[in-house]
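K.L.:
quick check, what structure comes out for this input:
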Amino acid sequence: MSSGNGTRKKASKQQRLSSAVASDPENLAEIQALFNKVRAYSKPSNGEWSLPDPNAALRHPPEEHQNLQDLKASLNEVKNQLSDKNVQVWHQHTNSTNRAGKVIAAVRSAANAEICTQAWCKFYEILGTFPLLPEEALQSGELNSVHLCEAPGAFITALNHYLKTSSSTRYCDWCWAANTLNPYHEANGGSTTIADDRLIANTLPWWFFGSDNTGNIMIQKHLLDLQAFVSNMRRVDLVTADGSFDCQENPDEQEALVASLHFCEVTAALLLLSPGGSFVLKMFTLYEHSSVCLLYLLNCCFRSVSVFKPATSKAGNSEVYVVCLNYDSKESLRPLLSKLIRNYGPLMADKEALLPSSLIPKSFLKQHEEVCLYFHTLQVETITENLQLFEGISPEQRQRLDHIRDCVAQEYLQRFNVTFLPRSRWISRNTVSPACCSVSAGRPLGQKKQTGSFNERRELQSLDWRGRIERSCHAAWIQTHCTEDRGTGCTLEGPLSSCHVESWYVIIGAALPAVRNSPFCDGEMLKHLNEALMDTAVDWTHVPPCDSCHVTSTSSILSEVAGLCIDKAGSEENHRRTQCLVFGSRSVWGACGSRDEDLGLTFCAEPSFPQRGRISLLDGEPLYQQQLLSCVMVSLQSLSSGDVLLLPVFSALTRVTAAVVLCLHACFRSVSYKCPPPSSVAGAVLVCVGFCPEAAARMRPVLTDVQSSLSKLLKAEEATGRSQPCGGDRQVLQFVPMEELLTGGLTEFLWAMNSEIIQQKLHVLMQR
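P.N.:
Numbers count the residues shown, from 1 in each chain. Below you'll find the predicted structure:
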C-alpha cells in the first residue's frame, strides 16, 4: 500500500516539476526559439535581384568571400575539438542533450507514423511551419510531388500522413514520384546508398532509377528522362531534395563535397516545377561561392526563400533546409535553365562558378552573410555547450534538460497537430505491389556505423585490408576455422508455386565495374572482401583451402542426397534409380562410386569462375552469369521427375544470380547449400533435390530470353574489343522483379549462404 502511495506521490511531483519547467519564462522562451530557427531573405522592391544574363553564367572561376570564409574557419576550429571524441560515446551524449530528442518516440507512440525517422519529423515540421502546398493545388484537390534523393522515403510517408490527417487536405488526390540511388544496383557504393528499402520495395513503380538503373540523378540523361517519367502529372506542385554524401571522413569540406549534387537538385527542381510550386532543399553551411550563387538563383526564381533549421534537426550539425515558395514562371528562366542543363553533371560545381561576384548584388550578399552568421552562432553555441556538459553534468542540469525534452515533445505534437493514422492508410498498404509490406521482413537494413574517434578512423584508413579486418567487429568470426558442414538446416522448401513468371522482364543497365552493394549480404563484410581482392592478386584455382578448416566431402553430400531421395520418393519413382547431375570435375566427385546403387551420377563442366582481372565482379561477371544460366538450362532440359542437381556457385550477391537460385527454388522440392565446397574455387554447392518437370516447363522460355539478352551483350562487348566493363557498357542486371526476390525465405537463404562464402574467402586470404 505504501509503495503505491509513493509511486503516486513521485508521479505527482514529476508533473509539478514539469509544469514548473514549462511555465518558467526562460524555459518557455527556449522551447519557442527551438521551433523558430529561420531566416528569410527580403527582396528589394527595386527589382535589383534579377535573373542574370545566361551568357555570363558558368564562365568564371569560383571565388571566395572573406567574411564567409572566416565563419567557416571559426566553425571548423570549434568542430575540430571533437576529433578525439569516440563517435558513439559523443552521439550518445548529444542525443541526451538534444532538446528534441524525445520527439521521434512521442510521434511513434501518438501517430503510428510510417517510417517514423528523424527525416519524417523534420519534414512534418516543415509542412507545419510553411505553406508548402500551393493554394491552387489545394483548391483543385489535386497535388503532385517529386522527391529527389529520397531513400528511404520518410518525406513521402510524412507528406502522406499530413495529407490524410489534416482537415484541409484529407480529400486531396495526391500523386507522387521519387528518385534515389538504387539500393539494388550492385555498383552503387555503400557510403552513398541507403540500404533501407522498406518503402521502395513496396512501391517500386513510383521510383525512377534511370536508363542505367543506378538512380544517379547527377547524370544529364537521367534528368531529361525524369521529366518524361513525371509527364503524366498535370503540374508539379512540390519538389523535395534531401540528398547528401557521407562526409564524416572529411567533415571540414562537407559543403564543397556536396556542391555539385546541390546544383543538380536545384536544376532538376527548376525544370520540373510548375509556376506557383514549392521546393525544399537540404543544404549545410552556406559559406562557399557555389552556395552564394545557388541561394541568389533561388531568390531570383521564387517569391519567398527561407533558411530553416527544424527543431528536430540536431542543433550541433550544419544541416539546414532551404524552403522556396511560389515559383515564378519558367519562361523568363528558360535560357539560363538550358545552359544549366547543358552543363549538368557530377562536376557541375567544380568547373566554373555559376555567377561571378560582380553579378551578385551587395544587398543580397549582406543578407546572406547575416543568415550564415545566425546559423553559425547557433551551431557553435550548441557544440560549446555539449563540450562543457560532456565534462560533467549536474543533477539539476540533467533534470532541467529532461523536462525540457518532455515539453518539446509535447509542444511538437500540439503545434503540428500530429494525430493517429491507421496502418491501412499507410502508403505501402495501398500499393498494387504483390510484395505489399512483406518485403524486407527480418532483413538487416542498417547503414554503416561509425566507430571510434575521427582521429582513430583516419588511422584505420592508413592500415592495409588485413589491419582493418583485425580491428573490425567481424575479426573473430572471419578468423574462426570451419569445423563442420555449413548450410545444414538452411533449406528452401519447394517447389515454389508463387512465381509470377508471366510478369518477369529483363532490365539492362550500366555494366558493373565491381559488386559493391547487395541486398543479399552484410555490406561491411562485402566491403572487406572487395578491399582484400583489390590488394591481393587472387587466382582462386590456385588458392589452397585452409589446412585447419573442415571441407565438405563429396561422399557426405551424396550420402545426404541419397537419403533425401529415399525419404521423399513416391511409389512410381521407386522403380527407377534417381539421377544426379553434377556440375564439377569427375576427379573430385567421381571417387564416390560407392553411391552408384542409390544415385546415377552424370558430370558436366562447371561454370568458369571470374578471371583474375575481373575478380571484384564476383558473380556479377556477365560471362560467368551466362555460363551459370546455361548450366541451369541444361538441367531443366535433361532431368526427370525426382532427380537431383549439384551446382557450384561462386556467390549469389547479384540480382541475376539470386534470380537463378529462385528459379531452382521453383523447380525442386528442396534447395540447400554446402560451404565450403569440395572445390576451393566455388563459394558453395547448391544441392537441389526432387526435380519438378512441370515447373521447369514454365521456366524455360523465360530463361531462354535471358540467355539471348546475355549473349547479345557479350557479343557486342567482344565486337568492340573491350575486355573489361567501362562506363558506357551495358549488361543484364535483373530478370525477376525485386518484389519477388525479396519475399518468402529467399533473402534469408541468400544472406546466410553469402555470409558463409564471404567469411570463408576472407578467412583463406587472411591465412595466406
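K.L.:
for Phe650, which residues are in contact?
P.N.:
Taking C-beta atoms under 8 Å, 6 or more residues apart in numbering, we find Phe650 in contact with 607, 609-610, 618-619, 624, 681-683, 757. In this view, the C-beta of every residue, glycine as well, is placed from N, C-alpha and C.
K.L.:
and after the strand or helix carrying Val660, which helix or strand comes next?
P.N.:
Counting by DSSP states H and E, the element that carries Val660 is helix 655-667. Next helix or strand after helix 655-667 toward the C-terminus (DSSP H and E): strand 668-674.
K.L.:
quick check: the residue nearest in space to the middle of the chain vs Ala178, distance?
P.N.:
Centroid-nearest residue in the chain, with C-alpha atoms, centre = their mean: Ile194, separated by 1.6 Å. With distances taken as C-beta to C-beta, to the nearest Å, Ile194 is found 12 Å from Ala178.
K.L.:
try Asp196
P.N.:
14 Å.
K.L.:
before we move on, what about Phe668?
P.N.:
From Phe668 to Ala178 the distance is 38 Å (C-beta to C-beta).
K.L.:
likewise for Leu133?
P.N.:
As judged by C-beta to C-beta, Leu133 and Ala178 stand 17 Å apart.
K.L.:
average pLDDT for the longest helix anywhere in the chain, rounded please.
P.N.:
The helix that spans the most residues within the chain, counting by DSSP state H, is helix 362-391. The predicted model gives helix 362-391 an average pLDDT of 96.
K.L.:
tell me which helix or strand comes right after that helix.
P.N.:
helix 395-415.
K.L.:
show me what the closest residue to Arg730 other than its chain neighbours bridges to in the sheet.
P.N.:
What sits nearest to Arg730 in space, not counting adjacent residues and going by C-beta to C-beta, 6 or more residues apart in numbering, is Ile508, at 5.2 Å. Beta-bridge partners for Ile508, by DSSP bridges, are Val732.
K.L.:
Ile508 and Pro622, how far apart?
P.N.:
Noted for Ile508: a distance of 11 Å to Pro622, by C-beta to C-beta.
K.L.:
shared neighbours of those two, which are they?
P.N.:
When contacts are counted by C-beta under 8 Å, 6+ apart, Ile508 and Pro622 are jointly contacted by 713, 731-732.
K.L.:
not counting its neighbours along the chain, what's nearest Leu629?
P.N.:
In space, and not counting its chain neighbours, Leu629 is closest to Gln707: 5.6 Å by C-beta to C-beta, 6+ apart.
K.L.:
next one: Cys293
P.N.:
In space, and not counting its chain neighbours, Cys293 is closest to Leu354: 3.8 Å by C-beta to C-beta, 6+ apart.
K.L.:
look up how far Gln66 lies from the one you found.
P.N.:
Per C-beta to C-beta, Leu354 is found 19 Å from Gln66.
K.L.:
now Asp196
P.N.:
In terms of C-beta to C-beta, Asp196 sits 42 Å off from Gln66.
K.L.:
next: Ala268.
P.N.:
To Gln66, Ala268 is 32 Å away according to C-beta to C-beta.
K.L.:
neighbour count: these two, which is higher?
P.N.:
Neighbours were counted for Ala268 and for Gln66 using other C-beta atoms under 10 Å; Ala268 has more, 26 against 7.
K.L.:
CA atoms of the helix or strand encompassing the more buried one as PDB?
P.N.:
Following DSSP H and E, one finds Ala268 within helix 259-272. Provided in PDB are the C-alpha atoms of helix 259-272 (Å, rounded to 0.1, in the frame of the first residue of the first chain):
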ATOM      1  CA  ALA A 259      28.100  21.300 -54.000                       C
ATOM      2  CA  SER A 260      27.600  19.600 -57.400                       C
ATOM      3  CA  LEU A 261      24.800  17.500 -56.000                       C
ATOM      4  CA  HIS A 262      23.000  20.600 -54.800                       C
ATOM      5  CA  PHE A 263      23.400  22.200 -58.300                       C
ATOM      6  CA  CYS A 264      21.900  19.100 -59.900                       C
ATOM      7  CA  GLU A 265      19.000  19.100 -57.400                       C
ATOM      8  CA  VAL A 266      18.200  22.800 -58.000                       C
ATOM      9  CA  THR A 267      18.400  22.400 -61.800                       C
ATOM     10  CA  ALA A 268      16.100  19.400 -61.600                       C
ATOM     11  CA  ALA A 269      13.600  21.300 -59.400                       C
ATOM     12  CA  LEU A 270      13.600  24.400 -61.700                       C
ATOM     13  CA  LEU A 271      13.000  22.100 -64.700                       C
ATOM     14  CA  LEU A 272      10.200  20.100 -63.100                       C
END
